[in-house]
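>>> Turn this into a structure:
(2 chains)
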Amino acid sequence: GAVVSQHPSRVICKSGTSVKIECRSLDFQATTMFWYRQFPKQSLMLMATSNEGSKATYEQGVEKDKFLINHASLTLSTLTVTSAHPEDSSFYICSSPGAGGYGNTIYFGEGSWLTVV
Amino acid sequence: AQKVTQAQTEISVVEKEDVTLDCVYETRDTTYYLFWYKQPPSGELVFLIRRNSFDEQNEISGRYSWNFQKSTSSFNFTITASQVVDSAVYFCALILNFGNEKLTFGTGTRLTIIP
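This next block holds a predicted model:
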């Protein structure tokens, strides 16, 4: 079935550095990708919506200059956490609605655990 | 705006007991989709069920069953004869339609099955 592959699954970075998280759709063209963040023991909150070939739309309170989203192709969307700080440590997960034969379904990546030290 | 409420933050039951996880939602739209996801400690979201607002039939899948009641805006999830492998965080979520798949998640219920 359709798969959204997310990498890395776990990453540790130093404070002040940047880290990139990738989500690839393997069986369908992901026109839209949603990015969620989940702090420990909390729910998943939508950060931003990216559409292929256009600028991402960010939810209120999410710093667009800190969380850079690129969706340059129909199979790849990336989230870059710039100048990461310990408070950015969180679980990040992407999702995309299926397309074509995979329609009416939402596919999630496996998620990425980010720890900033 | 939509809202999903899962009032039970944590539940613990002894193995083989039945357990029901509550979900109450709010939306002004007449068309919407409701979901349940399981999140094990590894973090990935495991899809359990999708239900659209026009289908109020209850559903059973093995030990899992779902009770959708539009009159009370509830979409409750019951696990029968619970097992240790059912221990996880469970999220109820809602979207308005396919074409706008922004999920509004509930706060989640952490279920612990005691052997």
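
>>> Kindly export the helix or strand where residue A:23 lies (C-alpha atoms) in CSV.
With secondary structure defined by DSSP states H and E, residue A:23 is part of strand A:19-25. Provided in CSV are the C-alpha atoms of strand A:19-25 (Å, rounded to 0.1, in the frame of the first residue of the first chain):
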residue,chain,number,x,y,z
VAL,A,19,18.5,19.6,11.3
LYS,A,20,16.5,18.4,8.3
ILE,A,21,13.7,15.9,8.4
GLU,A,22,12.5,14.4,5.2
CYS,A,23,9.2,12.8,4.2
ARG,A,24,8.9,10.9,0.9
SER,A,25,5.8,9.5,-0.6
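
>>> That strand and chain B, are they touching?
No - judged by Cβ under 8 Å from any Cβ of the partner chain, strand A:19-25 makes no contact with chain B; its nearest approach is 13.0 Å. Heads up, the C-betas are built off the backbone N, CA and C, glycines and all.

>>> So which residues of chain B form strands?
B:3-5, B:10-14, B:19-21, B:24-26, B:33-39, B:46-52, B:59-61, B:64-69, B:74-79, B:88-95, B:104-105, B:109-114 (DSSP state E).

>>> Could you tell me which ranges of chain A sit under the pLDDT cut-off?
Counting by pLDDT under 70, chain A shows low-confidence ranges at A:1-2, A:100-103.

>>> Run through the residues of chain A sitting next to chain B.
A:32, A:34, A:36, A:41-46, A:49, A:91, A:93, A:95, A:97, A:103-106, A:108, A:110-111, A:113.

>>> Select only the buried ones of the residues you listed in ChimeraX?
For the buried members of those, the matching ChimeraX selection, counting by 16 or more other Cβ atoms under 10 Å in any protein chain shown, is:
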select /A:32,34,36,43,44,46,49,91,93,95,97,105,106,108,110,111,113
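
>>> Residue B:35 and residue B:98, how far apart?
Residue B:35 sits 12 Å away from residue B:98, taking Cβ to Cβ, to the nearest Å as the criterion.

>>> Of those two, which one has the most company?
residue B:35 (21 against 14; other Cβ atoms under 10 Å in any protein chain shown).

>>> need the contact list for that one.
A:106, B:47, B:48, B:49, B:50, B:51, B:92, B:93, B:94, B:95, B:103 (Cβ atoms under 8 Å, 6 or more residues apart in numbering or on different chains).

>>> which of those count as buried?
For the contacts of residue B:35, buried by 16+ other Cβ under 10 Å: A:106, B:48, B:49, B:51, B:92, B:93, B:94, B:95, B:103.

>>> quick one: which of the residues you listed is nearest residue B:23?
Of all those, residue B:23 sits closest to residue B:92, with 3.5 Å by Cβ to Cβ.

>>> Surely that closest one and residue B:7 touch.
No - Residue B:92 is not in contact with residue B:7 according to Cβ atoms under 8 Å; the separation is 10.8 Å.

>>> returning to that earlier point: the strand holding residue A:23: what's the following helix or strand?
Next element after strand A:19-25 (DSSP H and E): strand A:32-38.

>>> outside of that following strand, which residues touch it?
Here strand A:32-38 makes contact (Cβ under 8 Å, 6+ apart) with A:23, A:44-52, A:67, A:69, A:71, A:77, A:79, A:90-97, B:101-103.

>>> roughly how far out does the helix or strand just after it sit from the chain middle?
The helix or strand immediately downstream of strand A:32-38 is strand A:45-51, counting by DSSP H and E. Counting by Cα atoms, centre = their mean, to the nearest Å, strand A:45-51 is centred 8 Å from the centre of its parent chain.
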